[in-house]
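**Q** Give the three-dimensional model of this entry:
(one chain, ligands or ions: 2)
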Amino acid sequence: MSTSSETVETVAAPAATSREDVHGTRLTFRAAVLGRPDAPVLHDVDLDVAPGEILTVVGPSGCGKSTLLRTLAGLLSPLAGAVEQDGSPLTGPSADRALVFQEDALLPWRTLRGNVELPLAIGGVPRAERRSRAESWLGRVGLSAQAGQLPHRVSGGQRQRAQLARALADSPRAVLMDEPFGALDAQTRSGMQDLLVEVLRGSGATVVFVTHDVDEALFLGDRVALLGAGRVASVRDVPRPRDRGALDDPARAALRRAVLSSLGT
Ligand code: ADP
Ligand code: MG
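**A** Residues are numbered from 1 along each chain as shown. Ligands and ions are numbered 1, 2, ... in the order given. Reported below is the predicted structural model:
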């Protein structure tokens, strides 16, 4: 896609990363129109997310970030074009693709452990195994001591960690995150970003992560997709290494400016 070098600049998806145990999935949009039948939101979406890649998605409020994510989740069908997982059209929601929202989606009457176990129970995982997988993931997100608590007895950051454990416990091949840390204070948020990078390193899942926060987009993303004016305006490689402090790196500074301007700030 290159109708105008200024606005359309799609970089080919990199090969699968070197994380061990990569089992991520490839997610592809081809000339897709996304939205609701009476209200298309995004046009000409051509995007390829490689297995094991972390793609962050930024853009102003209302530009279609959640629409893009809900389409990948299988909750919305493309209005035209195609949306594929490993070359086959997406046909609906799947345990293969876990969703994590900003809103607290834990069941209030279940303990954190019970919440993490729930999708495993629905998937038919035997009781002893789902207990041990839930305990293991709660441990990895630092919630072993809170496993028996109800959600309202723990902090917002801890609830968000439980949601992450729940999403990852079922070994999804893709994790779709819609501003998951948006309601957290800055310090909790950067702790969650570190934790996410750490747990994803071992999972190999493909991640599409929507955020309003430029520094979150650059810290987490292998690439960042900039949405605006009803389309994916560009997809940029994020310079590595992953480093919060590297603000004087010229390539990173230029990308940061591009992201900020796409956000209208
Ligand atoms: P973002 O996540 O970037 O803020 P959304 O994808 O949620 O944007 O929304 C994109 C557009 O679709 C907006 O103009 C919004 O008003 C519209 N929209 C979102 N949800 C619905 C809905 N349930 N019904 C109708 N229109 C919607
Ligand atoms: Mg949204």
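
**Q** Report the closest residue of the stretch 1-150 of the chain relative to ligand 2.
**A** Closest residue of the stretch 1-150 of the chain to ligand 2, Cβ to the ion: Ser66 (3.2 Å). In this view, the C-beta of every residue, glycine as well, is placed from N, C-alpha and C.

**Q** scratch that, the stretch 101-250 of the chain
**A** When distances are taken as Cβ to the ion, the stretch 101-250 of the chain approaches ligand 2 most closely through Asp178, which lies 5.9 Å from it.

**Q** Could you give the number of residues near that residue?
**A** If you count neighbours by other Cβ atoms under 10 Å, Asp178 ends up with 21.

**Q** and the next element down the chain from the longest helix anywhere in the chain?
**A** Identified as the longest helix of the chain according to DSSP state H is helix 186-203. Sequence-wise, the next helix or strand beyond helix 186-203 is strand 206-210, with elements assigned using DSSP states H and E.

**Q** in that following strand, what counts as buried?
**A** For strand 206-210, a neighbour-count test (16 or more other Cβ atoms under 10 Å) marks 206-210 as buried.

**Q** centre of the chain versus stretch 81-94, how much separation?
**A** Using Cα atoms, centre = their mean, to the nearest Å, the mean C-alpha position of stretch 81-94 is found 17 Å from that of the whole chain.

**Q** make that stretch 187-207, sorry
**A** What separates the centre of stretch 187-207 from the centre of its chain is 10 Å, taken as Cα atoms, centre = their mean.

**Q** picking that back up, quick one: the residue of the stretch 101-250 of the chain closest to ligand 2 and Leu68 touch, right?
**A** No. Contact status for Asp178 versus Leu68: not in contact, 9.6 Å apart, counting by Cβ atoms under 8 Å.

**Q** Show me whatever sits in contact with both of the two.
**A** Taking Cβ atoms under 8 Å, 6 or more residues apart in numbering as the contact criterion, the residues that touch both Asp178 and Leu68 are Val210.

**Q** To what extent is Ser88 buried, counted in neighbours?
**A** Applying the criterion other Cβ under 10 Å, we find 9 residues in the vicinity of Ser88.

**Q** Is it bridged to anything, and to what?
**A** Beta bridges link Ser88 to Gln85, judged by DSSP bridges.

**Q** picking that back up, what residue, apart from its backbone neighbours, is nearest the residue of the stretch 1-150 of the chain closest to ligand 2 spatially?
**A** Once its chain neighbours are removed from consideration, Ser66 has its nearest residue in Asp178; the separation is 5.6 Å (Cβ to Cβ, 6 or more residues apart in numbering).

**Q** Do you know the pLDDT at the one you found?
**A** Looking at Asp178, its pLDDT stands at 95.

**Q** Please tell me how far it sits from Leu69.
**A** When distance is defined by Cβ to Cβ, to the nearest Å, Asp178 is 5 Å away from Leu69.

**Q** Now the common contact residues for these two.
**A** The contact sets of Asp178 and Leu69 overlap at 99, 210 (Cβ under 8 Å, 6+ apart).

**Q** Cheers, nothing more for now.
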